[in-house]
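> Build the 3D model from these lines:
(4 chains)
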Protein chains: 4
Amino acid sequence: MYRFTNDYSEGAHPSILEAMAATNLEGNFGYGCDPHCENAAALIRKKIARPDADVHFFVGGTQTNATCICAFLRPHEAAIAAHSGHICVHETGAVEATGHKCIAMPAAPGGKLTPELVRQAVAAHPDEHMVKPRLVYVSNTTEVGGVYTTEELKALRAVCDELGLLLYLDGARLASALACGGASLEDLGALCDAFYIGGTKNGALFGEAVCIMNPALKPDFRYILKQHGGMLAKGWLLGVQFEQLMQNGLFEQLGEHSTRLARQLAEGLKDLGVEFMFESPSNQIFPILPDEVLKKLEGAFHWEVNAELEGGRSCVRLVCSWATEEAAVTAFLLAVEGALKDCPACM
Amino acid sequence: MYRFTNDYSEGAHPSILEAMAATNLEGNFGYGCDPHCENAAALIRKKIARPDADVHFFVGGTQTNATCICAFLRPHEAAIAAHSGHICVHETGAVEATGHKCIAMPAAPGGKLTPELVRQAVAAHPDEHMVKPRLVYVSNTTEVGGVYTTEELKALRAVCDELGLLLYLDGARLASALACGGASLEDLGALCDAFYIGGTKNGALFGEAVCIMNPALKPDFRYILKQHGGMLAKGWLLGVQFEQLMQNGLFEQLGEHSTRLARQLAEGLKDLGVEFMFESPSNQIFPILPDEVLKKLEGAFHWEVNAELEGGRSCVRLVCSWATEEAAVTAFLLAVEGALKDCPACM
Amino acid sequence: MYRFTNDYSEGAHPSILEAMAATNLEGNFGYGCDPHCENAAALIRKKIARPDADVHFFVGGTQTNATCICAFLRPHEAAIAAHSGHICVHETGAVEATGHKCIAMPAAPGGKLTPELVRQAVAAHPDEHMVKPRLVYVSNTTEVGGVYTTEELKALRAVCDELGLLLYLDGARLASALACGGASLEDLGALCDAFYIGGTKNGALFGEAVCIMNPALKPDFRYILKQHGGMLAKGWLLGVQFEQLMQNGLFEQLGEHSTRLARQLAEGLKDLGVEFMFESPSNQIFPILPDEVLKKLEGAFHWEVNAELEGGRSCVRLVCSWATEEAAVTAFLLAVEGALKDCPACM
Amino acid sequence: MYRFTNDYSEGAHPSILEAMAATNLEGNFGYGCDPHCENAAALIRKKIARPDADVHFFVGGTQTNATCICAFLRPHEAAIAAHSGHICVHETGAVEATGHKCIAMPAAPGGKLTPELVRQAVAAHPDEHMVKPRLVYVSNTTEVGGVYTTEELKALRAVCDELGLLLYLDGARLASALACGGASLEDLGALCDAFYIGGTKNGALFGEAVCIMNPALKPDFRYILKQHGGMLAKGWLLGVQFEQLMQNGLFEQLGEHSTRLARQLAEGLKDLGVEFMFESPSNQIFPILPDEVLKKLEGAFHWEVNAELEGGRSCVRLVCSWATEEAAVTAFLLAVEGALKDCPACM
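Sure thing, here's the model as predicted:
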């Protein structure tokens, strides 16, 4: 069985497991106050070219987003996000549970926010009878595989500056964004008030590293990290993992791997005449396949159905991870080709 | 200056002021535990034909909605509302501040939810990675003057029963809904899990009466009323006002008055060739007028601009209240007629 | 039946009712944006000698406290209060419902906080695994009738400055505090970051006026006022009431009246040999009376039992209000005297 | 350097690390929907003799407590806990951040709640102006090393049944409680509405297993788990760890180890004439040592200071973990003995 289900179906890159085993009995202070977290933070600060950034480690993405947004906003302030944004859809209202509205805007192609959408959101909330838009939430890559370039983020930064908004970037799949033309880590350090570098979906067992550049957002962040249950007792486990990811280009290599295999898969499908629901250059792709074809692949491959369409077709999501093997891609393409041959009418 | 700004620009109907003065020094227990509240609750139970209903009095609508929704839902549950619903737009995120997401659906004409929209909202939230839709929020009249009939509410009740949802109705402008074909108080008592009868916008100084029919929603409601700051110390002030409203048909008469004058205004404008943004049979209407005409009326009348349109026209909201005088309507129509004559090109 | 139950058993001072009737049909903008609120705010700014203060009107005390504390604190920050403080005991966890812990300290005599207690509270919360004490909550008068003098508040201000804390004063019974040696309104304006002037318990139908002096606490307060359901639609009703209270010394006169009668009651009881649970110079007193005596008074008077004590005695709370008549005091003292005579053994 | 700092200074028992490595590339569904979590849950159900229990896995204790209490309570309901309880002191107000008050009671010896304390807490909250006590929070072992026996928990269960309360047990250090006479896992399954089995402090990298027996508390728990950021993407990591802990008596062995070494340490100190702040039979002990002695030990050992006492002495907390070696205990005792000899006057 080959899995294209998601990018968190396998554990950690071997070097990370080894590092965890090697440090297992070191004896470290808890709660992230250890040399591994310090070192990992220093490596991150260097990569993002912000020696002044505060770096905090979390276990998972939902917790990271809810904690950051809760920490950064006053009670009446709201986040602006694409309608398909992770905080709007897939976090069981975690942001609202901290008291804040997510203003969901119909996304531009690629699931992206644009300066114009941000302006619209702000214009629609003119007075104190409404929430006050204060933070722009974007994901790179987005939930439908889209990628923000440096130019796009610069434009968002400009509109944020103009309108007094914070720019926060969810980097759960940042490694893939870096691998396909997305804004660089340095650019994120320069453009965002805060963002996080995702480890869970790029080779770690778990872990997300929040970088806070805006000095106004720094004070007392660890209190809120703790209050939201995000302070891992054996916190060095996060430091150890990010030490590995941030050294020897491992983070980038793993992102390039997953992205390259997804491109290969996409190109192969295009060659077979398959169409796509969204154009995605990143490690998740959204081909539209005949249900009859999907049925034939079922035993040997796994994926998620994104949408059931008319005419007996479905859009599926295929995700490649740091651990996906080239053999999986080859096998999938062969299987689709075979299934299509058996069913000439269904394309 | 004649005001069509809203239906809370004047104080209370004289009979209410008199009752408040007459009871001023009675000496009553606080917090709604007094004979006036008891009596008002009994009158309401009778009118809604639900001797089993729990009745609670609040000062204002935002507090009422936030308290009820917070009391009725578990943390992960959400309210479904029209995109234009009051809780989605005009309560500064009060529902989110209690931790719950409002699922905003694009409204049907009249700003209304339909069973189909409810179904869509539920279908879009299939698992525990998303909030769980649990309560359907409707307003009668709606924020754009629309009115739910008994048939429409029966259809919503049916879909709620089918999908395990609660039906909650915001009756801030219920008196006007009653006056123009909306579901009767008895029907609300039969169809809703809970709803409130609005006093503030229909002749009271302030006051909303929540009726809870669903027994599962009754326990400990007063705790949550208190916790949200909704328990008025001199609670009998609410009882005294609703005693007046619920006697001698006062509530209904005031609603008929405001609605009749708004109809008169609407018919008069139609006769002058004016078009409307939304069709509203209730006490707020939404005519589209040339900005040049509006400019001429500015000194003598007051209204709110709903939307600035292309071609030098605006949609304004004109609201008649229990206190609006026929003279105001006549004067407005005359003024529009005059202004239009001066500006033949602008229609 | 004479009531000493509390100071919110009667309605409003006649001049307030008259003003409300006189302005009933004026036609005002809603939500506190009207000339009466403006004027009342100006009168308050003058009285507290802080032309720079922001003034906001609320309907009731629980809502005022919860809204202010929620507006002033970040998520991990906590309020320090006396164990008997209103926010700790009698608000159904309204502050916690906004996410903040109340750190309850064992109160000094009179239900008061002292600099030493504040220091202890801060010392007990040294790091990010605990909430961060940030706001000192005091009431004047306190819940057991105690009164903070200017000197005491100056000492609290000093410790707040030293430790980076905000000083917030709940003035639900401020009028009585002013009448018996409590810090003046000018001193409150000089010493507090924010405080509120209580109308509900001093002659208004309802109403509390929040004064914010600390500029850092001012921005966007109206958003949070609205979000917590505290923005009254017919907001001018609050302005009209405070215009009356703040003119011609009405606020002070009513406080002096209730306090004077309570002193009279206390002195009379002392002359009869009655002892007191707490020493209170203000409008609520806490005598200890034999249950046998209380039984005899039951039909003619009303009070609340504060505590049932050993030896067949109870501590009762007797409260005089702006509306208490001298006849009530005389009658009560006579009745106690008579009952004691009938029961010589019970003292 | 030997560490007695806490029981989360080392990583995982080797068998757990091995299991994680062995399953690293298996390919599992995310979010705890995998065979390892299923199997671990089955093993736990068997151990607690509750085939009907729902089992959910969390990463850490603060998150577990906050999520459970938030899931189990309605908005106005409160938890009763010992003043020294973890939720009252060391979770940065995480429970309050979900809207609920923690009612802190002065603890009985051992940091324990008693039926009498529970009764007092309930008696002090008689009406809707106060929060409603609803859940009794206990920890086994407690924060000062105390242990609840089966008899003590039966008595708490009885008072909970009588007063309509839920009984929730925080088992962060449950393994040590089991090792020194605490209620058995079967008894917890029979007596608690819900409790959790702590992995983090007993040989896991991280992980706490919540067991819910009360059917009313089961529905939709996973929604709230997700909402609070507690749903680990690679959820099988928790299953794999608890599979190891729940097999071959590993959980119990590790608890016995840490407890036995702590007893050895305590007995050795007693033999040297050292006194203790709290009597603790479990894996954390609280000796009182002269500061001069502590100074001499500083370079070679690490601990936390619990309280600085008069007379140049301090109470320190010494914790033994699953990984503490006998050599550490021997070395510490020798060092204390030596230091005391050098300082005959200081005892």
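> buried residues in stretch A:35-45?
Using 16 or more other CB atoms under 10 Å in any protein chain shown as the test for burial, stretch A:35-45 gives A:36-37, A:39-41, A:43-45. Where you see a C-beta, it was placed from the backbone N, CA and C, and this is true even at glycine.
> Same check on stretch A:146-155?
A:146-148, A:150, A:152-153, A:155.
> three-state assignment of residue A:126?
What DSSP: H, G, I helix; E, B strand; the rest coil gives for residue A:126 is coil.
> again but with residue A:28, I slipped
Assignment for residue A:28 (three-state DSSP): coil.
> all strands of the stretch 51-200 of chain A, in order?
Taking DSSP state E, counting those that start in this stretch, the strands of the stretch 51-200 of chain A run over residues A:54-58, A:77-82, A:102-105, A:132-139, A:166-170, A:194-198.
> ok, now the stretch 201-347 of chain A?
A:208-212, A:275-276, A:284-285, A:287-290, A:301-302, A:304-309, A:313-319.
> could you redo the ones you listed as a markdown table and give each row mean neighbour count, mean pLDDT and distance to residue A:342?
Formatted as a markdown table, the strands of the stretch 201-347 of chain A follow (neighbours: other CB atoms under 10 Å in any protein chain shown; pLDDT from 0 to 100; distance: least, CB to CB, whole Å):
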| stretch | mean neighbour count | mean pLDDT | distance to residue A:342 |
| --- | --- | --- | --- |
| strand A:208-212 | 26 | 98 | 44 |
| strand A:275-276 | 14 | 96 | 19 |
| strand A:284-285 | 26 | 97 | 23 |
| strand A:287-290 | 21 | 96 | 11 |
| strand A:301-302 | 18 | 96 | 16 |
| strand A:304-309 | 13 | 94 | 21 |
| strand A:313-319 | 22 | 97 | 16 |
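> between these, which one is nearest to residue C:58?
Evaluated with CB to CB, those place strand A:208-212 nearest to residue C:58, the distance being 35.4 Å.
> what ranges do the helices span in chain A?
Assigned by DSSP state H, chain A shows helices spanning A:14-22, A:35-47, A:61-72, A:86-89, A:94-97, A:115-123, A:150-163, A:174-179, A:185-191, A:221-227, A:236-245, A:250-271, A:291-297, A:326-342.
> Columns distance to chain B and mean pLDDT on top of those, output as TSV?
Output for the helices of chain A, formatted as TSV (distance: least, CB to the nearest CB, whole Å; pLDDT from 0 to 100):
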stretch	distance to chain B	mean pLDDT
helix A:14-22	26	98
helix A:35-47	29	98
helix A:61-72	9	98
helix A:86-89	6	97
helix A:94-97	4	98
helix A:115-123	12	98
helix A:150-163	18	98
helix A:174-179	21	98
helix A:185-191	26	98
helix A:221-227	15	98
helix A:236-245	23	98
helix A:250-271	22	98
helix A:291-297	19	95
helix A:326-342	25	96
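> Between these, which one is closest to chain D.
helix A:61-72 (2.8 Å; CB to the nearest CB).
> Tell me the helices and strands packed up against that closest one.
helix A:86-89, helix A:94-97, strand A:132-139, strand A:166-170, strand A:194-198, strand A:208-212, helix A:221-227 (3 or more CB pairs under 8 Å, 6 or more residues apart in numbering or on different chains; DSSP states H and E).
> tell me which residues in stretch A:52-65 are buried?
Buried residues in stretch A:52-65, counted by 16+ other CB under 10 Å: A:53-65.
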